[in-house]
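Engineer: Sequence and predicted structure, then a few things I'm wondering about:
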Amino acid sequence: MAQITFRLNARPTYSERMTDARSELRQLIKEQLCDRRSYMKNIVTRYRVRIEGWPLAEVSFRNLSDVPNLGKLEILLRGWKEGSIRFCRITDEQYRAMIADPTPWIGPEVHADDAHGE
């Protein structure tokens with residue numbers, strides 16, 4: 001039988017606070033990276049880089065929490081590991097083209113209602 005430990009002090013431990021902070025950071029990073037507007041503002045505009053090689057035909061560009069199945073996540077993971085998906089610096093001309101129409105690089109905007117059909 002497992003032993004149950006009760007804590008007198010209801011405050012989270014240092015380790016629990018570290019875990020919570022990491023979890024919250026991961027969530028924020030995912031939201032900032034793969035939300036279309038945030039990506040354009042916080043990544044492309046700020047750093048003049050873009051993600052190249054995202055397999056738009058297989059996986060819509062979106063928050064990774066919204067990717068509907070393991071197979072699609074594995075496609076992304078394999079691409080990042082193999083280098084077919086990567087960050088690339090862009091010129092001012094490429095930046096202007098991407099701001100005018102980001103669709104060639106991140107696909108059309110996906111609405112929550114469309115997510116289930118992927």
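Structural biologist: Received the coordinates, thanks. Numbers count the residues shown, from 1 in each chain.

Engineer: can you list contacts of stretch 35-49?
Structural biologist: For stretch 35-49, contacts defined as CB atoms under 8 Å, 6 or more residues apart in numbering pick out 31-33, 50-51, 61-63, 87-90, 92, 95, 98-99, 102, 106, 109. For the C-beta atoms, the positions are set from N, CA and C on the backbone; glycine is no exception.

Engineer: helices or strands up against the helix or strand containing Met98?
Structural biologist: For Met98, the host element (DSSP states H and E) is helix 92-100. If you count contacts as 3 or more CB pairs under 8 Å, 6 or more residues apart in numbering; DSSP states H and E, helix 92-100 packs onto no helix or strand.

Engineer: what residues are up against Pro102?
Structural biologist: Contacts of Pro102 (CB under 8 Å, 6+ apart): 36, 40, 44.

Engineer: From those, which land in helices?
Structural biologist: Of the positions in the contacts of Pro102, Arg36 sit in helices, assigned by DSSP state H.

Engineer: separation between Ile75 and Ser84?
Structural biologist: Noted for Ile75: a distance of 10 Å to Ser84, by CB to CB, to the nearest Å.

Engineer: Give me the more crowded residue out of these two.
Structural biologist: Ile75 (16 against 12; other CB atoms under 10 Å).

Engineer: Quick check: the more buried one touching Ala57?
Structural biologist: No - Ile75 is not in contact with Ala57 according to CB atoms under 8 Å; the separation is 10.1 Å.

Engineer: how about the strands in this structure?
Structural biologist: Using DSSP state E, the strands assigned to the chain run over residues 49-52, 86-89.

Engineer: looking at those strands, which is buried most?
Structural biologist: Mean neighbours per residue, mean count of other CB atoms under 10 Å, is largest over those for strand 49-52, with a mean of 16.

Engineer: Can you pull the phi/psi pair for Gly53?
Structural biologist: phi 90, psi 10 (degrees, to the nearest 10).

Engineer: Could I get the contacting residues of it?
Structural biologist: Neighbours of Gly53 in contact, by CB under 8 Å, 6+ apart: 79, 84-86.
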